[in-house]
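**Student:** Sequence first, then the predicted structure:
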Amino acid sequence: SQQGEEDPQALSIQEGENATMNCSYKTSINNLQWYRQNSGRGLVHLILIRSNEREKHSGRLRVTLDTSKKSSSLLITASRAADTASYFCATDWRGSQGNLIFGKGTKLSVKP
Amino acid sequence: ETGVTQTPRHLVMGMTNKKSLKCEQHLGHNAMYWYKQSAKKPLELMFVYNFKEQTENNSVPSRFSPECPNSSHLFLHLHTLQPEDSALYLCASSQGTGVHEQYFGPGTRLTVT
């Protein structure tokens, strides 16, 4: 399947530390997106990186994309308790007509 | 708030009931989506509508019937569901299909008894 696979499945850190989550996928993509989901709620879009981009920043978020390795990483710097959530990568793979395929997510817990 | 609302937020229904989920977006988007989120499984795309036309049916059983009367509203009609259909049903919208971010509603937590 094309779905992204996040790694690790769960991550627990202290407030102020950095959190890194990884995503791998299987086929060529147009873009890759990261979303956050607080428990039992809808997803919130964080950042979109296109296949011809290698790195993108948004506030405390940094996303990298390595199309040769078919992988992406999401770095959250100086984490806060409010960052506690599940994080998903979603790929818009070529031929999908823009439909997103989501991974299972990384559950991040930031302890105060 | 993302500009996408869903009602009801919680629904309990028996296997013989008929119910409907409603989604409304206030963003002027042209594409709307239904997703199913079950425990320990990736988010599953169910249906896609673009300019009110269905463009994707991801092999969804016929007991789920979508309806898109206009670009702002999307319904999911439910009938004779199974307990394994219990899940969080999420609606999303985007400016169009293709390279666009999606805006999600808060979801409807469905329990089938």
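**Tutor:** Good, I have the coordinates.
**Student:** For the worst-scoring helix or strand of chain A on mean pLDDT, which strands pair with it and how are they oriented?
**Tutor:** The helix or strand of chain A with the poorest confidence is strand A:5-7; it has a mean of 83 (mean pLDDT, DSSP states H and E). Sheet pairing of strand A:5-7 (DSSP bridges) gives strand A:19-24 (antiparallel).
**Student:** and the strand it pairs with, how far from the chain's centre?
**Tutor:** When distances are taken as CA atoms, centre = their mean, to the nearest Å, strand A:19-24 is centred 6 Å away from the chain's centroid.
**Student:** And for stretch B:32-50?
**Tutor:** Centre-to-centre, stretch B:32-50 and its host chain are 7 Å apart (CA atoms, centre = their mean).
**Student:** Give me the buried positions along that stretch.
**Tutor:** Judged by neighbour count (16 or more other CB atoms under 10 Å in any protein chain shown), stretch B:32-50 contains these buried residues: B:32-37, B:42-50. Using the backbone N, CA and C atoms, a C-beta is placed for each residue, glycine as well.
**Student:** Would you mind naming what in chain A lies close to chain B?
**Tutor:** For chain A, the residues in contact with chain B (CB under 8 Å from any CB of the partner chain) are A:3, A:30-31, A:33, A:35, A:40-45, A:48, A:50, A:88, A:90, A:92, A:97-105.
**Student:** Would you mind listing which of those are buried?
**Tutor:** A:3, A:30-31, A:33, A:35, A:41-43, A:45, A:48, A:88, A:90, A:92, A:98-105.
**Student:** which residues make contact with stretch B:77-84 from outside it?
**Tutor:** Here stretch B:77-84 makes contact (CB atoms under 8 Å, 6 or more residues apart in numbering or on different chains) with B:13, B:15-21, B:63-67, B:85, B:110, B:112-113.
**Student:** mind running it again at 7 Å?
**Tutor:** Contact with stretch B:77-84 is made by B:13, B:15, B:16, B:18, B:19, B:20, B:63, B:64, B:65, B:67, B:112, as judged by CB atoms under 7 Å, 6 or more residues apart in numbering or on different chains.
**Student:** Need the residues you listed in a markdown table (columns: secondary structure).
**Tutor:** Shown next, in a markdown table, are the contacts of stretch B:77-84 (DSSP: H, G, I helix; E, B strand; the rest coil):
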| residue | secondary structure |
| --- | --- |
| B:13 | strand |
| B:15 | coil |
| B:16 | coil |
| B:18 | strand |
| B:19 | strand |
| B:20 | strand |
| B:63 | coil |
| B:64 | strand |
| B:65 | strand |
| B:67 | strand |
| B:112 | strand |
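**Student:** Could I have the buried ones of those residues as PyMOL selection syntax?
**Tutor:** The PyMOL selection below is limited to those of the contacts of stretch B:77-84 classed as buried (16+ other CB under 10 Å):
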select buried, chain B and resi 13+19+64+112
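**Student:** Chain A contacts on chain B?
**Tutor:** Within reach of chain A by CB under 7 Å from any CB of the partner chain, chain B has these residues: B:2, B:42-43, B:45, B:48, B:55-56, B:88, B:90, B:97-99, B:101-107, B:109.
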